[in-house]
Structure formats: structure tokens, C-alpha cells
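Student: any chance you can model this:
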Amino acid sequence: MATADPPTGTYAQPPTGPSDGGFTMGNFLSFRYLITPVLVQGIYLIGAALITIGGVVAIVAPGPTSGGALGGLLILLLGNLLWRVYMELVMLFFRINEGVQRIERNTRR
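Tutor: Numbers count the residues shown, from 1 in each chain. Alright, predicted model coming up:
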């Protein structure tokens, strides 16, 4: 089975310079390197775990405000789905920022 040749041109080389996106103290202090996307991923995992635990507790230990098994299933399904959609919207801002930075780097060349 033949393998494809490696790409050539400007995309073959990683970007260099002060805005390459790597972690340096200069990039960190000038906010070129963002730590928030990593934090958002951690917050998503914690939130999803809490929503899942809440749904399971609502199913197992029904009370007057839990909604019983149906309420617990709704928490499990809709809660996690809505939490995921919300966190994807938050991450969208960071993806847009990365795209704009790539466009800016390519127009400088």
C-alpha cells in the first residue's frame, strides 16, 4: 500500500516567531498563549460528572422534588446534552480566535 508524500509549501513547516502558539513566557504574558481552553475542558468534565451523578441520584432516591425515574432520565440525557452544547459554544470563541490568528500569520508572509 502506497503512502502519501508529506505536504510541501508553507503548511509543511510549523509556524515560527512570537505568535507561533507555543508556550513561552512572552506569549503567556502577552495573552498569545491561552490557558482557558484547557480549563474549559476540565470544567466540562466536572460538570458532566455532576450532572450524571445528579441524574442517578434522582432515579435511585426519588423525592418530592426529583421527578422520579423520568426526571432522573431527563437530567441524564437533556442535562448532559445541554451542558455539552453550552461548552461547545464557549469553545467556539477560542476556535474563531485560532482561525483569525492563522489568517493573520498567513497574510504577513
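
Student: check the offset of the worst-scoring helix or strand of the chain on mean pLDDT from the chain's centre.
Tutor: Ranked by mean pLDDT, DSSP states H and E, the weakest helix or strand in the chain is helix 25-29, scoring a mean of 79. The chain centroid and the centroid of helix 25-29 are separated by 22 Å under Cα atoms, centre = their mean, to the nearest Å.

Student: after it, next one along is what?
Tutor: Counting by DSSP states H and E, the element after helix 25-29 in chain order, helix or strand, is helix 36-60.

Student: could you list the buried residues of that next one?
Tutor: 40, 44, 47, 51, 55, 58-59 (16 or more other Cβ atoms under 10 Å). Every C-beta, even on glycine, is put in place using the N, C-alpha and C of the backbone.

Student: could you do stretch 72-87 as well?
Tutor: Buried, per 16+ other Cβ under 10 Å, within stretch 72-87: 72, 75-76, 79-80, 83, 87.

Student: name the nearest of the buried residues of helix 36-60 relative to Leu34.
Tutor: Val40 (10.0 Å; Cβ to Cβ).
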